[in-house]
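> predicted model, plus sequence, below.
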Amino acid sequence: MPILKMIGFQKNISILFFISNPKLSVQSTNLASCRTRKFFKYIWVCLLLGLFIGCAVSPKELQIEGHKKSYPPETIIQTASGLTVTFDQMMADLYSARIVYVGEQHTRPRDHAIQLKILKQLNAICPDAAVGMEMFSKPYQPILNRWAKGELTRQQFIEQTHWYANWKFDYALYEDLLSYVRKHRIPLFGLNVPFHIPSKVAAGGIDNLLPAQKAHLPDTIDTTNPEHRKFVKSIFEKHPRRGLKNFEYFYEAQCVWEDTMAAAVSQNLGDGWMVVFAGSGHLRHHYGIPLRAYKRNSVPYRTVIPVAAGETVKSDLADYIWVTGGASAKPPHPMPGSD
């Protein structure tokens, strides 16, 4: 309405000006009319640009199914109560657990910063805590031991762990975390199965692995969780891959992957604490690594998953959801069909 009134006001001014100046030429009238059109065209362009910019910078918030409110970036939600909590309140609860799982989307620096912040706080209270990481497979344990003792340079570590052949993501994303581990001499454990194993299982199933390959598998591999199967099947259907047509093989690969890491957590926990860093897909709803490890050791645990604002998630995603800002750069879900 204000814009329409402005248009009407401008037209009235033009008419009054013309009436009060009878000698005004037709050319001058046309010139005034042209200028008026240009003026209002400029106004509309500014208005549309303002609307566009306003939409572009409007802050996104996280939505949780069943919750009436939404959550802005840097909010921490305790999902059991539905309440927002401070970092210190969350940490007070994490101290009561002996295993803390912190998820990540591998390419998002903010997720790694959250992991490091939690590790620093836990290490200050529990100096005998260890770190377990999805990013390394178990055969590399002797090299991880040397890194944790400060015996390797950065370049030696990258080369000897075959970082860019195995994990492949930019080392800089993990550098602060790994440097902290080395500086404070924190025991570091590789949790993963050798990276070529899941893709072979996805292509041909467990039964068709060679004996040397089967030697890397845990004693038990649980394929009976219907909710986990449903979750993995949704990934299988959304991300088809050439040569991977058998869902049962694909699901076996996912379970091999997660039961191997769960077994490694249980075996290396000892009498202390452990902070586990893994892709969020292995922690969501607890049925990846956490519940499989719990079946082995019955040790209390907590899960923390960073989630980008703008997403919608279920309330049982994790014990704590940490809302992060910015667009979610969604890398692929864990795909056992790729090395």
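In hand now; what should we look at?
> can you give me the helices in the stretch 1-150 of the chain?
Secondary structure of the stretch 1-150 of the chain (DSSP state H, counting those that start in this stretch): helices at 2-19, 26-57, 87-94, 109-125, 141-148.
> lowest average confidence across these, which one?
Comparing mean pLDDT across those, the weakest is helix 2-19, with a mean of 38.
> what's the domain layout of the chain?
2-57, 62-324 (automatic domain parsing).
> okay, the ones you listed in a markdown table with mean neighbour count next?
All C-beta atoms are positioned from the backbone trio N, CA, C, and that covers glycine. Formatted as a markdown table, these follow (neighbours: other Cβ atoms under 10 Å):
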| stretch | mean neighbour count |
| --- | --- |
| domain 2-57 | 10 |
| domain 62-324 | 18 |
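> what residue ranges in this protein score low on pLDDT?
Filtered on pLDDT under 70, the chain yields the residue ranges 1-59, 326-339.
> if we go to 80?
1-59, 243, 326-339 (pLDDT under 80).
> residue nearest the centroid of it?
Computing the C-alpha centroid of the chain and ranking residues by Cα atoms, centre = their mean puts residue 105 first, at 3.0 Å.
> surely that residue touches residue 112?
No: if you go by Cβ atoms under 8 Å, residue 105 and residue 112 don't touch, sitting 9.7 Å apart.
> can you tell me the SS state at residue 221?
coil (DSSP: H, G, I helix; E, B strand; the rest coil).
> hang on, it packs against residue 253?
No: contact between residue 221 and residue 253 fails when scored by Cβ under 8 Å: they sit 10.2 Å apart.
> how about the contacts made by residue 200?
Neighbouring residues of residue 200 by Cβ atoms under 8 Å, 6 or more residues apart in numbering: 208, 209, 213.
> again with residue 141
Contacts for residue 141 (Cβ under 8 Å, 6+ apart) come out as 189, 190.
> now do it against residue 234, distance only.
Taking Cβ to Cβ, to the nearest Å as the measure, residue 141 falls 34 Å from residue 234.
> try residue 83
29 Å.
> and for residue 159?
Taking Cβ to Cβ, one finds residue 159 at 38 Å from residue 234.
> got it, and residue 196?
If you go by Cβ to Cβ, the gap between residue 196 and residue 234 works out to 25 Å.
> over to residue 120?
Applying Cβ to Cβ to residue 120 and residue 234 gives a distance of 35 Å.
> what of residue 195?
For residue 195 relative to residue 234 (Cβ to Cβ), the value is 24 Å.
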